[in-house]
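> let me see the structure of the following:
(2 chains)
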Amino acid sequence: LAKTTQPISMDSYEGQEVNITCSHNNIATNDYITWYQQFPSQGPRFIIQGYKTKVTNEVASLFIPADRKSSTLSLPRVSLSDTAVYYCLVGGFSGNTPLVFGKGTRLSVIA
Amino acid sequence: GAVVSQHPSWVICKSGTSVKIECRSLDFQATTMFWYRQFPKQSLMLMATSNEGSKATYEQGVEKDKFLINHASLTLSTLTVTSAHPEDSSFYICSATRQGSNTGELFFGEGSRLTVL
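Have a look, this model is predicted:
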């Protein structure tokens, strides 16, 4: 399974755009890249998923370069409620479901 | 969307007793369910993978006789912590993949906090 590496923590002020990059050098051809958000004492929540190039939904964008060895989660105009831990996972088809969580990135949004 | 529900959300028990945690997929059939545990300020650690109708696959270092997992249907998996001890106190989270999915997206339960006195 592809291992992921993310920054341990990040700080941001409210209203700024936050970009969190994840490295996954050993990503397999069939692997998808999925990002989750976790608040204290809650299960992780799906944010966004992509395979290549760029994906955007109502809460975030995901940028994936052509070699797919990294990905960047972009959160536009963060608010205090975006303070959480963010995890990226890679995996997918043929039973290679993302199973292993890395350490995640603890984002702190400051007023 | 796909909803996974865990019950109970929190439980306190005496040392030596057994505790059962249920994980249900409410609006989809879950091919595979996963159980994680999470200690404070740490990431989720995979304990076991369960497929409906077959024995669970445990990760290295996880005692299968202590953490009994049953996946009797496509919508229900249970984790039983047998003879619980204070060191078993943790946040237990289940997740599921939707039958037929090829993207590996995981749907998580709300988590169950176990405190063993």
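
> rest of the way, CA atoms for contacts and neighbours
Noted.

> can you name the residue of chain B nearest chain A?
Here the residue of chain B nearest chain A is B:Gly104; by CA to the nearest CA that distance is 3.9 Å.

> burial count for that residue?
26 (other CA atoms under 10 Å in any protein chain shown).

> looks to me like it is in a strand.
No - under DSSP: H, G, I helix; E, B strand; the rest coil, B:Gly104 sits outside any strand and is assigned coil.

> B:Ser90 touches B:Lys41, doesn't it?
No - contact criterion CA atoms under 8 Å: B:Ser90 and B:Lys41 do not qualify, at 11.4 Å.

> excluding covalently adjacent residues, which one is nearest to A:Met10?
Setting aside the residues directly before and after it, A:Met10 is nearest to A:Leu107 in space (CA to CA, 6 or more residues apart in numbering or on different chains), at 4.9 Å.

> the helix or strand where that neighbour lies - contacts with which helices or strands?
Counting by DSSP states H and E, the secondary-structure element that holds A:Leu107 is strand A:105-110. If you count contacts as 3 or more CA pairs under 8 Å, 6 or more residues apart in numbering or on different chains; DSSP states H and E, strand A:105-110 packs onto strand A:9-13, strand A:84-92.

> highest mean neighbour count out of those?
Stretch with highest mean neighbour count among those: strand A:84-92 (a mean of 26; mean count of other CA atoms under 10 Å in any protein chain shown).

> still on that earlier bit, quick one: buried residues of the strand holding A:Leu107?
A:Thr105, A:Arg106, A:Leu107, A:Ser108, A:Val109 (16 or more other CA atoms under 10 Å in any protein chain shown).

> same deal with stretch B:56-73?
In stretch B:56-73, counting by 16+ other CA under 10 Å, buried: B:Ala56, B:Tyr58, B:Lys64, B:Phe67, B:Leu68, B:Ile69, B:Asn70, B:His71.

> what pLDDT does the model give the residue nearest the centre of chain B?
Central residue of chain B (CA atoms, centre = their mean): B:Trp35, 3.5 Å from the mean position. At B:Trp35, the model reports a pLDDT of 95.

> who touches it in this structure?
Applying CA atoms under 8 Å, 6 or more residues apart in numbering or on different chains to B:Trp35 gives the contacts B:Leu46, B:Met47, B:Ala48, B:Thr49, B:Leu79, B:Tyr92, B:Ile93, B:Cys94, B:Ser95.

> wouldn't B:Thr82 be in contact with B:Ser18 here?
Yes - using CA under 8 Å, B:Thr82 is in contact with B:Ser18, at 4.3 Å.

> done for today, thanks.
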